[in-house]
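> 3D model of this:
(2 chains)
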Protein chains: 2
Amino acid sequence: MKPNVQAAKEALSHLDIETSEAAIRSKSRDFFWYSPVLKARLDHVEADFVVSPRSEAEVIEVLRTCYAHDVPVTTRGAGTGNYGQAMPLAGGCVMHLTHMTAVKEIAPGRVVCEPGILLKDLDAACKEHSGQEIRMFSSTWATATIGGFIAGGSGGVGSCTWGSLRDLGNIIRLRVVTMEEEPRVVEFRGEELARVSHAYGTNGIITEVEMPLAPAYDWVEMFLTGDDFMEVARFAEELANEDGILIKLATVFEAPIAKDYFQRVAPHVEAGDNVIGLMVAPHSMDGFLTFLGRRPGVKLLYRSDETEWPRAPGHVFEYGWNHTTLRALKVDPAITYLQVRYGFPQHLELIEKMREALSPEVLQHLEVLKENGKVMFAGLSLVKFTTEERLDEIVRLHEEAGAMIFNPHRYTLEEGGRQSVDDRQLAFKREADPKGLLNPGKMIAWDDPDWDYAKMYAYPKMQAAE
Amino acid sequence: MKPNVQAAKEALSHLDIETSEAAIRSKSRDFFWYSPVLKARLDHVEADFVVSPRSEAEVIEVLRTCYAHDVPVTTRGAGTGNYGQAMPLAGGCVMHLTHMTAVKEIAPGRVVCEPGILLKDLDAACKEHSGQEIRMFSSTWATATIGGFIAGGSGGVGSCTWGSLRDLGNIIRLRVVTMEEEPRVVEFRGEELARVSHAYGTNGIITEVEMPLAPAYDWVEMFLTGDDFMEVARFAEELANEDGILIKLATVFEAPIAKDYFQRVAPHVEAGDNVIGLMVAPHSMDGFLTFLGRRPGVKLLYRSDETEWPRAPGHVFEYGWNHTTLRALKVDPAITYLQVRYGFPQHLELIEKMREALSPEVLQHLEVLKENGKVMFAGLSLVKFTTEERLDEIVRLHEEAGAMIFNPHRYTLEEGGRQSVDDRQLAFKREADPKGLLNPGKMIAWDDPDWDYAKMYAYPKMQAAE
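Numbers count the residues shown, from 1 in each chain, chains lettered A, B, ... in the order given. Next comes the predicted model:
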């Protein structure tokens, strides 16, 4: 350990600091390994020490101390991100917000809490208090934190109704600590939220969040099947276009995803079955069953409030979003994925085109998403990985067809996003992290403003593999 | 009074029967007089007697008795409809459901109640019980009933989010009594709902409803102004397309509607101000103000939670939907209106075209409406009435341009709708009202299956004017 790092660690020794080597390794890794490209590059990356502050005051102390000693700080919630968001590329300090779980206020339509609370626990508190729940969550609801979702996520279960986290109104307020000689506490609302949301903790640390709430219902979770893939995709779109039927999830899995990778669903489907996963509000079930009755090409296979399978499948949303990839990976380690935007109004046409060009090497997994008031699809396509060159080729084929890729085989904000600098995030980093110590290597614009994205960015100061 | 009518009235004399002549006249009229065309034709129409049953059993008794005596029965809630829905064209019995106001069950996402409860009282009960409210209501919320809304309305405040009453999921269940020798009680869900919803009580009487609920919020009601009409219309559309900003109303009034007709708003606007009326959820206000800040062409004039005007304007939704027409009519009795559908994606283009062709004879009043998952507009245009011929010409100009008209100057279901027979409603009328005694004259398909819609339908058995 370098002397400056050692000094910072010692100065923070009265805090909750992890001492076990194994725990340090495990606590400084996220779910980057969904990507074989990131796995090859980041597998050796490890923090020098891991600290878990108990309060905003302790967060400030960690940041002040690490600033004084020039120690990088990479902040994380549960580390369930897949873009290597929370991987400490330059080592140093990994700060876990796992102790900061307080729910401070719940009111009609909103909650104020600390960032380290699990999505599941936040929902439980809101439901218990007043029958409410958060508008959207990642499929890692049971293990991920609200702060990590905001800093490293873009949307998820609920986005079929409410859109993405970046949409106006889906985050109300963030309280953020800067990393300066004397850290400041700032509060962001409105236009300012874009500075730090989905910024991987590169320009400030979120210590409190205020989020909008929706009513909590006993969602009916369902699986449905259909022979024709495009008919099944249209079913999901048309359902999401039913303004009077309240849904929280509409996911489409191309055959044979369910048969091959969903072990508790597999006994009930054939290889040729395309599958839809849904969450429908209980008071919308009559409307939904009417909708379903008009579409004989799609059959109801399972509903959580009625069907008894010998082995219950658990939450249907734990088959969607990036849990699809996780389940596939467990069966076939050669599987990885791409994150695709099929924008309105070309979405169905683009999906059909990419499927014709690439199935079964690339299997369609679609998530209904609202964007600018329109139903469209996010694709978290399953990819049978062969080489990095072929993966890049598949990315290129999507982009040439007009389907934007948020490349999950890159660890920078820009490459995982729209391949362009976010000036608001960069400007705030200049102000809030003058030494560039917050999650270094994740914002290309900070390191290399003239980067041209011709090839994958390689952070020059990354820890060397041993 | 004809002997058969007299006999029915006597047989029902133990029920709540209105005896005052003045009250009989007032209780057998609805708000048909918004239309000069209907006013000229229906002003003399009056029931022979008015009965107000206290229970489903009494409804059955009224229907059984009137069936036995061949007496027409026209059923109504508060009689706030504008298509003459509740006008007893052939006289006979008008049945008020004003006593049937029980709320029977409230659960997360749904309520079961009797049809005669006022929308306002239903909302109050749901809010008190569990912070819920109905998804949508007519602007006559304070005076209209839920049963009347379902039997005679199509949507309203809330339709910018939830779509129309006819959309799947916006009504859960209706309990209906038929008019046969021995009336039957039937329950409709799903596909069957279309038989009796928006059927003006022509084929069954609703005695219980089950409706979906949404969370009740302390909606922030606002007025905004802008110089440029199309910019203001786009503002409303773009706001409704913000998936993360929860709204319940987005209304656009062309100048000088607000200056000329909104007496409590007039002191605060100029004649050239186009005005937007909004209801935004309180936890969406930060997002909304961010949205507003990006659009310097639109200014906030009033918000219900902050602005103090010497004369408070009351609910903003009581300026929208058909309250706009009502306010204009009170100032200028020559004003009437049209109900227009500006469908996605041509909606803005069509609005611009109609405005260029017809303003200021026809002033644009737009309501944001969701249809099949898309934001579009309903127009409740204010029309300076001159002659019936010119009104028909204006209707024709809309239809030729591609804007569908739901003509509020006609008293039949078909002419006020899509000018075609609803086979489901007709089939159920054959079954449920074999003598054709329920609200006679309102379903052309029953009277004259070969009607060609070339001119306004005139019910042959209408009461003669004295």
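
> show me where the stretch 301-450 of chain A has its helices.
Using DSSP state H, counting those that start in this stretch, the helices assigned to the stretch 301-450 of chain A run over residues A:322-331, A:347-358, A:388-401, A:413-416, A:423-432, A:444-447.

> with the stretch 151-300 of chain A instead?
A:159-162, A:229-240, A:257-261, A:285-293.

> OK, contacts around the nearest residue to A:Lys374 once chain neighbours are set aside?
Leaving aside its sequence neighbours, A:Lys374 sits nearest to A:Phe344 (C-beta to C-beta, 6 or more residues apart in numbering or on different chains; 3.9 Å). Just so you know, the C-beta spots here come from the backbone N, C-alpha and C atoms, and that holds for glycine as well. Neighbouring residues of A:Phe344 by C-beta atoms under 8 Å, 6 or more residues apart in numbering or on different chains: A:Glu371, A:Asn372, A:Lys374, A:Val375, A:Met376.

> picking up where we left off before, so which of the helices of the stretch 151-300 of chain A is the most packed in?
helix A:159-162 (a mean of 24; mean count of other C-beta atoms under 10 Å in any protein chain shown).

> that one packs against which elements?
The helices and strands touching helix A:159-162, judged by 3 or more C-beta pairs under 8 Å, 6 or more residues apart in numbering or on different chains; DSSP states H and E, are strand A:247-253, strand A:365-371.

> I'd like the ones you listed as a markdown table, with mean neighbour count, mean pLDDT and distance to chain B appended.
Shown next, in a markdown table, are the helices and strands packed on helix A:159-162 (neighbours: other C-beta atoms under 10 Å in any protein chain shown; pLDDT from 0 to 100; distance: least, C-beta to the nearest C-beta, whole Å):
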| stretch | mean neighbour count | mean pLDDT | distance to chain B |
| --- | --- | --- | --- |
| strand A:247-253 | 27 | 98 | 10 |
| strand A:365-371 | 26 | 98 | 4 |
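
> and stretch A:303-319, end to end?
Distance across stretch A:303-319, first residue to last, is 14 Å (C-alpha to C-alpha, to the nearest Å).

> in it, which residues are buried?
Buried positions in stretch A:303-319, judged by neighbour count with 16 or more other C-beta atoms under 10 Å in any protein chain shown: A:Arg303, A:Ser304, A:Pro313, A:His315, A:Val316, A:Phe317, A:Glu318, A:Tyr319.

> got the contact list for it?
Contacting residues not belonging to stretch A:303-319 are listed as A:139, A:141-142, A:157, A:218-223, A:248-249, A:251, A:253, A:262, A:264-265, A:267-268, A:277-279, A:282, A:301-302, A:323, A:327 [C-beta under 8 Å, 6+ apart].

> centre of the chain versus it, how much separation?
23 Å (C-alpha atoms, centre = their mean, to the nearest Å).

> I'd like the average pLDDT over that stretch.
Mean per-residue pLDDT for stretch A:303-319: 97.

> that older thread, show me the two of the contacts of A:Phe344 that sit farthest apart.
Within the contacts of A:Phe344, two members stand farthest from each other by C-beta to C-beta: A:Asn372 and A:Val375, at 10.5 Å.

> so if I had to pick from those two, which one is more boxed in?
Comparing A:Asn372 with A:Val375 by neighbour count (other C-beta atoms under 10 Å in any protein chain shown), the higher total belongs to A:Val375, at 23 against 14.

> now for the residue positioned nearest the centre of chain A: which residues touch it?
The centroid of chain A falls nearest to A:Gly153 when counting by C-alpha atoms, centre = their mean (3.6 Å). Going by C-beta under 8 Å, 6+ apart, A:Gly153 touches A:Gly81, A:Ser138, A:Leu165, A:His198.

> of all those, which comes closest to chain B?
Among the contacts of A:Gly153, A:Leu165 lies closest to chain B (C-beta to the nearest C-beta), at 8.6 Å.

> from B:Pro267, how far out is that closest one?
Distance, A:Leu165 to B:Pro267, using C-beta to C-beta, to the nearest Å: 42 Å.

> higher neighbour count, these two?
Legend: neighbour count by other C-beta under 10 Å for A:Leu165 and B:Pro267, higher for A:Leu165 (23 against 11).

> quick revisit: list buried members of the contacts of stretch A:303-319 by neighbour count.
Here, 16+ other C-beta under 10 Å leaves A:139, A:141, A:157, A:219-223, A:248-249, A:251, A:253, A:262, A:265, A:268, A:277-279, A:282, A:301-302, A:323, A:327 buried among the contacts of stretch A:303-319.

> in strands only, show me the residues you listed.
A:220-223, A:248-249, A:251, A:253, A:277-279, A:301-302 (DSSP state E).

> can you list the residues of the stretch 351-466 of chain A near chain B?
Taking C-beta under 8 Å from any C-beta of the partner chain as the contact definition, the stretch 351-466 of chain A meets chain B at A:Lys370, A:Glu371, A:Asn372, A:Gly373, A:Lys374, A:Val375.

> related to what we said a few turns ago, possible to save the helices of the stretch 151-300 of chain A as CSV with distance to B:Glu182?
Listed next are those as CSV, based on distance: least, C-beta to C-beta, whole Å:
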stretch, distance to B:Glu182
helix A:159-162, 46
helix A:229-240, 41
helix A:257-261, 52
helix A:285-293, 29
